[in-house]
Structure formats: structure tokens, C-alpha cells
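**Q** Sequence and predicted structure are below.
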Amino acid sequence: MRFLLTLILISSAWAIDFDSYFTGQTFRFDYCHNGTADEEHISFDQVRSEGSWPGSRTQLIDDTDLGKYYFEVIDLTSTEIIYSRGFCSIYGEWETTGDALAGNWGTFHESLRFPEPRAEVIVRLYKRRDDGKFREIYTCRIDPQAYTINRSALKTEHKIWNLFTNGDPKDKIDIVILGDGYTRKEKRKFHADTKRLASALFDVEPFHSRQSDFNVRAIDIFSPESGISNPRAKAWKQSALGLKYNTFNSDRYVLTYDNKTVREIAGRAPYDALIILVNSAKYGGGGIFNLYSTVAVDTEPAEYIMVHEFGHSFAGLGDEYYTSNVAYEEFTPSGSEPWEPNNTALLNPEHLKWAELVVEGTPIPTPWDQAAYDSARVNYQNKRTQMIASGSNADSMNALFDAVKRTTVPVLEANQYYGIVGAFEGAGYQAQRLYRPEIDCIMFSRNPDHFCRVCQAAITRVIDLYTK
Ligand SMILES: [Zn+2]
């Protein structure tokens, strides 16, 4: 049945003639996502005209089944789905926090981007239910001829430059790197950080062997002050994109809620994926699928964070760790299968979702010495919590991370199934009932320099979605 469905999706994707439905320009649908843990509402903001459509003109339908949310653009006359994409949002994470569960309301600005249609369309937004299926939460009709569509020019004050290009945006994955907390005097530093961190990303497979499928550009954005805000330390900064630490009360989680500013600046460059470099020496980063990833550039593990967070934002990879404090009360509802390609609840061990990568004879679930790993980590975890509370400096935090690595790597490597694909308990912020594909991976710890095989396959699939 699933095979049949895939065939239908592929054939409908082939049937869409881009030029008959789309003008070749980009529309950005802006809205506010409001609600509590129990209810959510979408309120329309604007439709914004951006530049030339940078995405694929042949792969218009997203059949990867990734993301907590999903939207479709439907041609009103033919009722055919002419574009679709899965994505995640800050709202989607926020609604799982204690703040939302306490009944408080949150509001977040979000955008959907799709090629500008020639005729009237319906935009339909879906949310994934606990059973994994999508439920419609919002629908809106858009007339591309309407005078209300914002067709004013995007700002031209920020310079766009190429790190490397390999071809026309429509055939390539276009990454745009933005910077926050860089003053005009720190322009050279931004360029050096961009080169260093992009090169770290393309050192890792499968990005390394697929580099010719990417274009990477950067935009010079200058902030009035150096650095970004750290509310927990009461250190507030004026930064161009408004990034700050301590999202959802998590010290290291760096995001901005100023979506519109980011989009207005990024929209001048062709982009499929955004990375925001944070000019800071304090450990941190973040990544949300099909939104952006962030990385604090001056910490010792910046290269690692760059790759890990891009795994989230580009390929929808889930976290495989379960040992760090996060703000989510119940990120994956119990009894439901996570949609992330590298996490599973193993509800049906006979049909493991990455079964094709498991060597025959590997037991599922796969045994590993979780108790030994946990006891090797526990002291460090407590120490880290104390250090965050007392505002320890970056050097002592880096020293702690090094000690964790030295202690835990031998403990992980001592397992019989180390380096083998199976289903290892402990993933997605839960020590029990969620499983990860390998004992170690860039999505699990800072130890390895490579993604596990399942994560690599998931990234490859997304690269193919943009380029094949
Ligand atoms: Zn992995």
C-alpha cells in the first residue's frame, strides 16, 4: 500500500509542468502562529513577493514525510496539489514546554515559501497528530493578482557574496549564511568564520561527496554591538537579527523570534537553507527543520555544533541524546512513533524503519551497556548544571566537555555492537522507550566526526529532493 502511494506521489510530481503553474518568482506567506499546549491558531499577516524561485522546478511535491507541519499549495481550478513541503517551527517546540502546558499563550511569526502561482491557489496547512498522520489546521485562498500582495523591493543595503557556487539555483541546494552580533569592524572575522564553518560542514559525509550539489553564499549583516543577548546573565545586546541564548529557558539554545527581519534580509539571495553564525564565545546553537540553524562561532566545539544543528535544520534529524536537560515536557508523545528518520519508538520491531541498513543477525532492540554510560556521565551532568547556574566561563565549560569525551568514548567503544546499525535504547531526550540507530553519532554526542549510517541516508534523501 505504501509502495503504491509513493508511486502515485512520484507520478503526480512528474505531471506538474512548472511554467504552466508558476511565474518563476517566489511568494512568502507570512502568518502568526498563536496558542497554548491545547489550542493553536493561525492569523494571516501578508503575502510577500521575493526574488526568483531558487528551489527545484521538477521536484515540487515533498514525499519525504518529514516534519511536524506540512503545507500544500493547491491550484484552485484543477484542484491539483502543485507544491508541498514539510517543516518544523519554534511554535511546534514551544507548545511542548511547561510554559505552554501551564496554559500560557505564545505567539511566533512564521513563513511558508513557494513558487509564485499564475492563478488563484489554496494554501493548506497541516499538523502531525500523535498517530503520525496529518490533520488540517488552516486554509487560505490566495489570488496572485490581488493588490494586497506586498511587492515592494527587498532591502539592498546588505552585500551578498559567494563562498562557492556550482550552478543554477534551481538545480542546486542554495545555502545562505547570515551573521548576527558582528559589528562593521568585524567584517573580516565574519568572512573567516563563514569559511571555517562551511568547510567543517563539507568535511562530513554525505555533504563531502555531494558538495557539487550545493551553492553557498553569505550576506554581510552588521550589528550595532558585538555579540548577542544572554538574558540569563542579564546581558542584553542590540543585534541585527535578534538572536539570543536561553530559548525556552535552555542556556545553550540560541534562536531568534524575529522571523520577518531574517526573511527580509535572506530573501534577496537565492536560498533553500539558512545558517546563522553567532559572534559569541559562549557555547550554543539551535536548528529547526526547514527554518534555520545557528552556531556560536568562538567556542571550541563550533565546528561540531555547525554540523549537528544543520542536521536538524536541513534533514529533519532528531536528537539521539537523552542525557542533557531540555525544556520539552513530552517531545514525542508516549505510544507514538517519532517522524524523525533517526529515532524510533520501536512499536513494531519487525518493521524497523531503517531495517534496510541493519545487518542480518543483529538483535533488535540491540543490547548496549547503558548503565555504564550513564554512570560515566552523571557527575559531569551535575557539574555542568552547577556551572550554568554559576555562570562559568567558556574555557572551564570546554574543559568539562573534553573530560566527558575522554571518559565516555572508551565506555561506548567497549560495546559489542559499537559501529553497527541496530536499535539502541535512549534517544530523543528519553532514556527509555525511544531508540537510535547506532551507539554513537553526531546527533548523539560530540565524540564522533561522522553521522551514523541512518542519518547519512536521511541527509542524502533530502539532498536528492532538491537536486534530482
Ligand atoms: Zn544518527
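**A** Now that the structure is in, tell me what you want to look at. Bear in mind that the values here come from a model prediction, so they are computed numbers and not experimental data.
**Q** what does this protein put close to the ion?
**A** Where the chain comes near the ion, counting by C-beta under 5 Å from the ion, the residues are Asn342, Cys441, Met443, Cys452, Cys455. For every residue, glycine as well, the C-beta is placed using N, CA and C.
**Q** Can you tell me which of these has the most neighbours?
**A** For those, counting by other C-beta atoms under 10 Å, the largest number of neighbours falls to Asn342: 31 neighbours.
**Q** So that residue, which state does it fall into?
**A** Following DSSP: H, G, I helix; E, B strand; the rest coil, we place Asn342 in the coil state.
**Q** Over to it: give its phi and psi.
**A** Asn342 has phi and psi values of phi -110, psi 10 when expressed as degrees, to the nearest 10.
**Q** residue contacts, the residue of the stretch 251-400 of the chain found nearest the ion?
**A** Closest contact between the stretch 251-400 of the chain and the ion, by C-beta to the ion, is at Asn342 (4.4 Å). Residues counted as contacts of Asn342 (C-beta atoms under 8 Å, 6 or more residues apart in numbering) are 317-318, 320, 354, 427, 436-437, 441, 443, 452, 454-455, 458.
**Q** ok, now which ones touch the closest residue to Asp45 other than its chain neighbours?
**A** Residue nearest to Asp45 in three dimensions, not counting chain neighbours: Asp30, with 4.0 Å by C-beta to C-beta, 6 or more residues apart in numbering. The contact partners of Asp30, by C-beta under 8 Å, 6+ apart, come to Asp45, Gln46, Val47, Arg48, His109, Glu110, Ser111, Asn259, Lys260, Arg263.
**Q** Return, as residue ranges, the portions of this structure with sub-threshold pLDDT.
**A** The chain contains residues with pLDDT under 70 at 1-14, 324-331.
**Q** which SS state does the residue in the stretch 301-450 of the chain that the ion sits nearest to fall under?
**A** Relative to the ion, the nearest point of the stretch 301-450 of the chain is Cys441 (3.2 Å; C-beta to the ion). Counting by three-state DSSP, the backbone at Cys441 sits in coil.
**Q** The closest residue to the ion within the stretch 51-200 of the chain: neighbouring residues, count only.
**A** Using C-beta to the ion, the closest approach of the stretch 51-200 of the chain to the ion is made by Leu66 at 14.6 Å. Neighbours of Leu66 under the rule other C-beta under 10 Å: 23.
**Q** I figured it was touching Pro338, is that so?
**A** No. Here Leu66 does not reach Pro338: they are 11.0 Å apart, not a contact under C-beta atoms under 8 Å.
**Q** centroid residue for the chain?
**A** Among the residues of the chain, the one closest to the centroid is Ser313, at 1.7 Å (C-alpha atoms, centre = their mean).
**Q** could you redo the residues of the chain next to the ion as a markdown table and give each row distance to Ala394?
**A** Formatted as a markdown table, these follow (distance: C-beta to C-beta, whole Å):
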| residue | distance to Ala394 |
| --- | --- |
| Asn342 | 29 |
| Cys441 | 25 |
| Met443 | 23 |
| Cys452 | 29 |
| Cys455 | 28 |
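**Q** Run through the bridge partners of Ile288.
**A** Ile288 has these beta-bridge partners by DSSP bridges: Tyr292.
**Q** was I right about it contacting Trp94?
**A** No. Using C-beta under 8 Å, Ile288 is not in contact with Trp94, being 10.9 Å away.
**Q** For the nearest residue to Pro270 once chain neighbours are set aside, the count of nearby residues, please.
**A** Nearest residue to Pro270 in three dimensions, chain neighbours excluded: Pro54, at 3.3 Å (C-beta to C-beta, 6+ apart). Neighbour count for Pro54, taken as other C-beta under 10 Å: 23.
**Q** how would you label Pro54: helix, strand or coil?
**A** Following three-state DSSP, Pro54 is assigned to coil.
**Q** isn't it right up against Asp174?
**A** Yes. Counting by C-beta under 8 Å, Pro54 touches Asp174, with 5.0 Å between them.
**Q** Need the overlap of contacts for the two.
**A** Both Pro54 and Asp174 are in contact with Pro270, Tyr271, Asp272, where contact means C-beta under 8 Å, 6+ apart.
**Q** follow-up on the earlier one: tell me the phi and psi of the residue of the stretch 51-200 of the chain closest to the ion?
**A** For Leu66, the backbone dihedrals (degrees, to the nearest 10) come out as phi -100, psi 150.
**Q** Endpoint to endpoint, stretch 143-163 covers what distance?
**A** 37 Å (C-alpha to C-alpha, to the nearest Å).
**Q** Can you list the buried residues in that stretch?
**A** By neighbour count on 16 or more other C-beta atoms under 10 Å, the buried set for stretch 143-163 is Pro144, Leu154, His158, Leu163.
**Q** and the second one, what does it touch?
**A** Just to be clear, that refers to Leu154. Leu154 makes contact with Glu50, Gly51, Glu264, Ile265, Gly267, Arg268 under the criterion C-beta under 8 Å, 6+ apart.
**Q** and what of the third one?
**A** Taking C-beta under 8 Å, 6+ apart as the contact definition, His158 lies against Ile219, Asp220, Ile221, Ile265, Arg268.
**Q** what ranges do the helices span in the stretch 351-468 of the chain?
**A** Ranges of helices within the stretch 351-468 of the chain are 370-390, 394-413, 453-467, based on DSSP state H, counting those that start in this stretch.
**Q** which one of those helices has the most crowded surroundings?
**A** helix 453-467 (a mean of 20; mean count of other C-beta atoms under 10 Å).
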